[in-house]
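Peer 1: Build the 3D model from these lines:
(one chain, ligands or ions: 2)
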Amino acid sequence: MKYSQIHPPVQAALSANRAVVAFETSLISHGLPWPKNLETAQKMETTAKNQGAIPATVAVHKGKIRIGCDTLLLEHFARAQDVLKVGRKDLSAAIAEGRDGGTTVSATIHCAAAAGINIFATGGIGGVHRGGEKSLDISADLSALGRTAITVVCSGAKSILDLAKTLEVLESQNVLVIGFGTDSLPAFYARDSDLKLEHRVDTPEQAAEVLRAHHALAMESAVLVVNPIDKEFAIDWQDLQSWTEQAEMEAATECVSGKALTPYLLGRIGELSEGRTLAANQALAVGNAELAAQIAVALAAEGA
Ligand code: PSU
Ligand code: MN
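Peer 2: Numbering: from 1, shown residues only. Ligands and ions are numbered 1, 2, ... in the order given. Have a look, this model is predicted:
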């Protein structure tokens with residue numbers, strides 16, 4: 001295809017109706033620093049393979065959408081400094097300009113679903129920023145989730161956000177949120193928020209059952225399977241709040257806004273926590289890759 005290229009192992013798995021899990025590249029190019037970013041991307045891919053699924057990391061490379069990256073390309077996106085943060089709306093321009101782009105959740109799910117992939121995993125989705133009712137800084141991830149039939153395995157929305165408002169917008173967007181082994185919304189680096197969920201599953205097979213119904217009903221929106229971070233890596237909510245408030249104040253002083261805000265806050269909180277949030281981000285992203293692969297395998301087993 002002129003605009004996109006499917007990596008041969010991904011194409012083979014799709015043709016044979018075998019399990020495939022999509023991953024994003026913005027997490028690599030904008031979410032985590034070198035070399036933690038490459039290590040995380042590789043661990044996500046290896047973990048998916050160990051569960052019997054084929055990983056398909058999505059990116060824009062020299063103006064072409066890649067569905068699946070080889071090791072060299074992953075390293076390129078982890079090292080390069082001039083990679084565009086590509087949301088869904090930016091895809092067409094990035095292609096026409098021949099750019100390299102790290103795709104966010106909104107762009108990745110669009111490309112993955114178009115290629116026939118029905119599961120995607122990441123760390124945490126974007127959402128409504130604190131004070132979003134005034135700034136209107138609401139991630140394009142939310143509206144994209146409302147109009148893309150795909151399953152997203154994540155640890156909720158990033159803890160730098162207003163999680164209650166994010167959950168409200170997900171509801172308005174018709175996005176089903178299911179707790180995996182939990183009754184409340186995970187808070188990214190922290191295991192728990194005080195926000196209760198209406199739906200819960202405890203096994204990949206139970207999740208696959210919900211997804212079969214979702215597909216049979218031809219739903220056009222996403223299903224969010226929210227998976228808490230491993231206890232061993234979880235960070236205390238109060239610590240997170242104080243780092244986040246400090247990072248928010250510094251962002252305001254330095255006039256950081258728009259696309260640059262999320263990467264700035266994540267980076268600054270990584271420094272303030274002396275790397276603990278980076279280790280946590282890696283652990284939760286790899287945990288989500290594992291669960292997504294298990295669900296994909298369960299779906300493929302009985303034919304989605
Ligand atoms: N998950 C992570 N780290 C990240 C992201 C997800 O663990 O950096 C990225 C995703 O690409 C998500 C984006 O779509 O952050 C949200 O950015 P914004 O708030 O600007 O929409
Ligand atoms: Mn934003």
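
Peer 1: Run through the strands of the stretch 51-200 of the chain in chain order.
Peer 2: With DSSP state E, counting those that start in this stretch, the ranges of strands along the stretch 51-200 of the chain come out as 54-61, 64-67, 84-86, 101-103, 119-121, 151-154, 176-180, 199-201.

Peer 1: for the stretch 201-304 of the chain, which spans come out with low pLDDT?
Peer 2: Counting by pLDDT under 70, the stretch 201-304 of the chain contains low-confidence ranges at 303-304.

Peer 1: which bits of it sit near ligand 1?
Peer 2: 259, 262, 266, 281, 285 (Cβ under 6 Å from any ligand atom). For every residue, glycine as well, the C-beta is placed using N, CA and C.

Peer 1: what's the closest of those residues to Ile54?
Peer 2: The shortest gap between Ile54 and any of these belongs to Ala285, at 17.8 Å (Cβ to Cβ).

Peer 1: from what I can see that closest one touches Thr40, true?
Peer 2: Yes - using Cβ atoms under 8 Å, Ala285 is in contact with Thr40, at 5.6 Å.

Peer 1: Report the contact partners of Gly131.
Peer 2: Shown in contact with Gly131 (Cβ atoms under 8 Å, 6 or more residues apart in numbering): 137, 162.

Peer 1: what do you get for Asp100?
Peer 2: For Asp100, the contacting residues are 59-62, 76-77, 80, 82-84, by Cβ under 8 Å, 6+ apart.

Peer 1: And the residue nearest to Ala190 when sequence neighbours are not counted, how far from Leu32?
Peer 2: Nearest non-adjacent residue to Ala190, counting by Cβ to Cβ, 6 or more residues apart in numbering: Trp237, 4.7 Å away. Distance of Trp237 to Leu32, computed by Cβ to Cβ, to the nearest Å: 22 Å.

Peer 1: same thing with Ile125?
Peer 2: Remark: distance between Ile125 and Leu32 (Cβ to Cβ) = 16 Å.

Peer 1: Which single residue of the stretch 151-300 of the chain ends up nearest ligand 1?
Peer 2: Of all residues in the stretch 151-300 of the chain, Thr262 sits closest to ligand 1, at 3.7 Å by Cβ to the nearest ligand atom.

Peer 1: Point out the residues in the stretch 51-200 of the chain that sit beside ligand 1.
Peer 2: Taking Cβ under 6 Å from any ligand atom, the part of the stretch 51-200 of the chain that reaches ligand 1 is made up of 104-105, 122-124, 126, 139-141.

Peer 1: Fine by me, we can end here.
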